[in-house]
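**Student:** no sequence for this one, just the structure:
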């Protein structure tokens with residue numbers, strides 16, 4: 001007679017299977033698995049004797065639940081949170097999580113870094129990345145450190161660099177808030193006069209000739225051609241220009257102020273406004289000292305030139321707007337935006353390059369109120385520019401605009417107005 005074994009009810013989940021044949025033991029084990037919801041831990045010693053088998057019942061886990069980290073289905077309950085939400089643990093990777101807390105997707109680090117560069121603090125970014133401000137600070141820095149150099153990205157986007165006028169300006173700033181000069185730095189910038197695009201930058205502890213020589217020498221190696229530079233006349237800049245670009249003309253920013261006044265008088269008193277428009281679209285032909293093959297190539301297309309000539313009212317409106325807002329639409333506005341933002345960059349004092357490099361790239365790729373970025377104006381080509389493409393090193397993609405579209409009209413008129421505001425090579429200076 002087969003001896004039947006009664007489960008030991010003194011210990012929950014314990015069962016002795018001694019005395020059962022191997023066939024009955026396997027059959028009973030499968031029944032226990034189905035009815036108890038656990039795993040039967042059976043073992044057989046090397047001498048052929050069967051040890052006691054322990055089954056540890058566990059609370060049933062939904063069948064559709066999988067580990068969000070390794071996607072294993074071997075998961076168990078792991079207590080509860082202080083809010084009584086069930087916590088789970090993966091037996092395979094031993095990581096825990098709370099059901100429902102991982103429903104949100106991982107944040108887009110490109111958007112996180114862009115929001116930080118735009119002006120959001122690390123505390124404000126907690127809505128995008130549920131972590132501490134220190135952790136967010138670290139993530140942003142890691143992302144920006146992995147980005148390419150802005151100068152390399154610009155060289156990949158434009159095979160040639162020809163500017164009619166380049167502004168050389170510097171800005172001293174400090175990375176902490178207060179009156180202390182601790183962690184003060186100096187940023188040297190080379191800015192294209194037509195598009196207000198940053199062509200290159202150099203970071204130093206203070207304004208010195210070595211900082212400017214480093215910047216200008218790198219631009220020279222990158223193949224920049226420019227007949228005229230403009231600065232505030234500081235000796236450090238003048239000496240660096242004589243060393244690196246000895247054949248270029250150097251103008252003082254006071255010259256630009258005089259020309260702006262002259263242009264304003266021409267706008268209000270000239271009866272022949274079309275003369276100003278022709279001067280703008282033909283400005284690539286006015287400088288005899290240094291021929292620029294690619295400067296304003298867009299107006300070598302007769303259709304583009306005629307479009308500007310036929311947009312007299314819009315041309316005058318844009319010119320008036322830029323004259324009325326000179327301090328914000330030219331490089332002064334760029335420097336003010338830099339100063340306002342970088343005074344709040346506490347983490348910049350440790351390694352300023354990734355943050356400054358990222359901010360400049362974001363600012364150059366950001367669409368202006370006219371709908372196009374500074375890089376698009378510099379390339380003289382309507383292109384799509386995004387900060388995320390900068391991180392990937394993807395060059396901007398051209399936008400297929402119809403030549404007679406309002407967008408193309410806005411683009412070419414903007415270039416013509418900006419070209420007219422460049423004082424280099426005009427009869428006023430001769």
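**Tutor:** Arrived safely. Note that the structure is a prediction, hence the values are computed from the model and not measured. Numbers count the residues shown, from 1 in each chain.
**Student:** contact partners for the most centrally placed residue in the chain?
**Tutor:** Most central in the chain under C-alpha atoms, centre = their mean is residue 387, positioned 3.9 Å from the mean C-alpha point. By C-beta atoms under 8 Å, 6 or more residues apart in numbering, the contact set of residue 387 is 110, 113-114, 117, 361-362, 365-366. Quick note: C-beta positions are derived from backbone N, CA and C, even for glycine.
**Student:** ok, it to residue 335 distance?
**Tutor:** 21 Å (C-beta to C-beta, to the nearest Å).
**Student:** now residue 380
**Tutor:** Taking C-beta to C-beta, one finds residue 380 at 24 Å from residue 335.
**Student:** wait, is residue 378 part of a strand?
**Tutor:** No - Residue 378: not assigned to a strand; according to DSSP: H, G, I helix; E, B strand; the rest coil it is helix.
**Student:** count of neighbours near it?
**Tutor:** For residue 378, the neighbour count with other C-beta atoms under 10 Å is 21.
**Student:** where does the residue nearest to the centre of the chain land on pLDDT?
**Tutor:** Looking at residue 387, its pLDDT is 89.
**Student:** over to residue 205?
**Tutor:** For residue 205, the predicted pLDDT is 82.
**Student:** residue 187 is in contact with that one, correct?
**Tutor:** No - using C-beta atoms under 8 Å, residue 205 makes no contact with residue 187, being 11.1 Å away.
**Student:** can I see the domain layout of the chain?
**Tutor:** Using automatic domain parsing, the domain parsing of the chain gives 14-56, 68-103, 109-145, 150-429.
**Student:** right, and residue 393 touches residue 155 too?
**Tutor:** No - look at residue 393 against residue 155 with C-beta under 8 Å: they stay out of range, at 11.4 Å.
**Student:** quick one: which of these two has more around it?
**Tutor:** residue 155 (14 against 11).
**Student:** tell me the contacts of the more buried one?
**Tutor:** Residue 155 touches 161, 222, counting by C-beta under 8 Å, 6+ apart.
**Student:** wait, a strand at it?
**Tutor:** No - read with three-state DSSP, residue 155 is helix and lies in no strand.
**Student:** just say helix, strand or coil for residue 172.
**Tutor:** Residue 172 ends up strand, using three-state DSSP.
**Student:** scratch that, residue 136 is what I was asking about
**Tutor:** Classified using three-state DSSP, residue 136 is helix.
**Student:** please identify the helix or strand for the closest residue to it other than its chain neighbours.
**Tutor:** Leaving aside its sequence neighbours, residue 136 sits nearest to residue 122 (C-beta to C-beta, 6 or more residues apart in numbering; 4.5 Å). Assigned by DSSP states H and E, residue 122 belongs to no helix or strand.
**Student:** give the contact list for residue 215.
**Tutor:** 188, 190, 200-202, 240.
**Student:** let's see it at 10 Å
**Tutor:** 151, 168, 170, 188-190, 199-204, 237, 240, 244 (C-beta atoms under 10 Å, 6 or more residues apart in numbering).
**Student:** just name the closest of those residues to residue 301, please.
**Tutor:** Ranked by distance to residue 301 (C-beta to C-beta), the contacts of residue 215 are led by residue 199 at 24.8 Å.
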